[in-house]
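> Fold the following.
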Amino acid sequence: MKRQKRITDFLKINGITNIKFNIVSKTLAEYKHVGTRISVPEAANPNEYHKGTLGGFAFFNKEKEASSCALFSRHVALGCSSKLYVDGENGQLTELGEILEDTLQHGSYDIAAAKIHDHHVPHCDVQFKNSEGVQRPGKLYTQATSIDLQAIIFPLLS
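Here you go, the predicted structure:
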């Protein structure tokens, strides 16, 4: 209802008054898709959070362990604890996973990963969508040699 009122108020300001809402579902599973708001508690002050959005998903194998990961901006997690939370309805936080410390190395891309807790994996919507939210075909890109994103250092231009 709060969202509906905010939308209605915004549209009225812009001269749109003939508004009809078609509510498909009264519940949302906020952690299920790319773009979901995330929160990471600061290490020094666990009551303060760095905020960001879920950027995507990845699958990795490390030491014979296969895991699903959530991807997000590394700068969001710097100086924070290892827990990754997703923002749910009514401001409630749900712990989605544990941040992989290897992805927080300085000098690397601004990408961090968190291992998603196994019980959340089946609920994650990992399919690619266009800007209208319609699922689009895609495939996993693989190549013969792996790229270690943490080991890439760009030469300084003189």
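
> any idea how far residue 11 is from residue 41?
Look at residue 41 and residue 11: by Cβ to Cβ, to the nearest Å, they are 36 Å apart. All C-beta spots, glycine's among them, are computed from the backbone N, C-alpha and C.

> Find me the pLDDT at the residue lying closest to residue 78 once chain neighbours are set aside, would you?
Spatial nearest neighbour of residue 78, excluding adjacent residues (Cβ to Cβ, 6 or more residues apart in numbering): residue 104 at 6.5 Å. At residue 104, the predicted lDDT confidence score is 87.

> Residue 38: how many residues sit nearby?
By other Cβ atoms under 10 Å, the residues close to residue 38 number 25.

> buried residues in the helix or strand it falls within?
For residue 38, the host element (DSSP states H and E) is strand 37-41. Residues 38-41 are the ones in strand 37-41 that count as buried (16 or more other Cβ atoms under 10 Å).

> and which of these is nearest to residue 51?
Distance to residue 51, by Cβ to Cβ, is smallest for residue 39 among these, at 5.8 Å.

> contacting residues for that closest one?
With contact taken as Cβ atoms under 8 Å, 6 or more residues apart in numbering, residue 39 is in contact with 49-51, 85-87, 93.
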